[in-house]
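Engineer: Starting from these lines, generate the structure:
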Amino acid sequence: MQYEPKTFQIPTLDGISQKSVDEHLGLYQGYVKNFNTIAAKLVEYAADTEKNAHALSELIRRKSFEFDGMRLHELYFEQFEGGAHAINPDSALSEAFKKEYHEYFEPYFRAIANMRGPGWAILYYDPQCKQFQAGFAGEQHQGHFVSLPVILALDVWEHAFLLDYGAQGKGKYVEAFFKNLNWSVIEKRFAAASA
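Structural biologist: Here you go, the predicted structure:
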C-alpha cells in the first residue's frame, strides 16, 4: 500500500508566513514519498537478507523516522485547520488541565518546546492512568511514550521557524504557534483518547 500525502485547509496564519507553511508542507510530502520508497525497497531486499543485510538495517532504521515524520506533521497541520480557536474553559480538556497542571500547562509546554535542540514537543494522554505525559522527542522516531495517543504536536525543528524568525527565533515561533492553534482539534483528540 502506498501512502498519499494529505491536504490541509490552513488559513492565513498570524506570525507564520505562507512561504514557511508551503516549505513545511513540501517537507511533509517528502516524508510520505521517502516512506513509500523505503517500504518498496524493503520488500525487494527481503528476497536475499544475507546479501542485503547492511542495506536492510539502514532502511529499517530510517523507516520509522520517515513514518513518524509523516504522522507527526499530519497532526501538526491539522491543528491549524478551521482557524485559531481558544480553548473552551468548560471543556473536558480544560478541566483536565486544571486538575493536573492548575494554570501552568501552557507555560510548562512552552518551556518544553523551547528546550535547546531540534525536535517535537508532544503532549500525550494516558487513558490507563488518566493523566497527561508531556515530552520532547529530539528525533521524531525516538523518545515517545509508546502507545499513548498524541493530543498536541508542536514541531520545533529549525525548518518550522527559520524562514520567519531566523536561527534564534524558536521562542517567537512558539508564540505564533499558540496564537494560531485551533484548540477545538485538541479537545476532540482528548475526548477520543479519554473515552
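
Engineer: Could I get the CA-only coordinates of the helix or strand residue 174 falls within as CSV?
Structural biologist: Assigned by DSSP states H and E, residue 174 belongs to helix 170-180. What follows is helix 170-180, C-alpha atoms only, in CSV (Å, rounded to 0.1, in the frame of the first residue of the first chain):
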residue,chain,number,x,y,z
LYS,A,170,12.3,29.5,18.2
GLY,A,171,10.6,31.4,21.1
LYS,A,172,8.8,33.8,18.7
TYR,A,173,7.7,30.9,16.6
VAL,A,174,6.3,29.0,19.6
GLU,A,175,4.3,32.2,20.4
ALA,A,176,2.9,32.3,16.9
PHE,A,177,2.0,28.6,17.0
PHE,A,178,-0.1,29.1,20.1
LYS,A,179,-1.7,32.2,18.6
ASN,A,180,-2.9,30.1,15.6
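
Engineer: Quick check: buried residues in it?
Structural biologist: 170, 173, 174, 176, 177, 178, 180 (16 or more other CB atoms under 10 Å). Quick note: C-beta positions are derived from backbone N, CA and C, even for glycine.

Engineer: And the strands in the chain?
Structural biologist: 120-126, 131-137, 150-155 (DSSP state E).

Engineer: Thanks again, I'm all set now.
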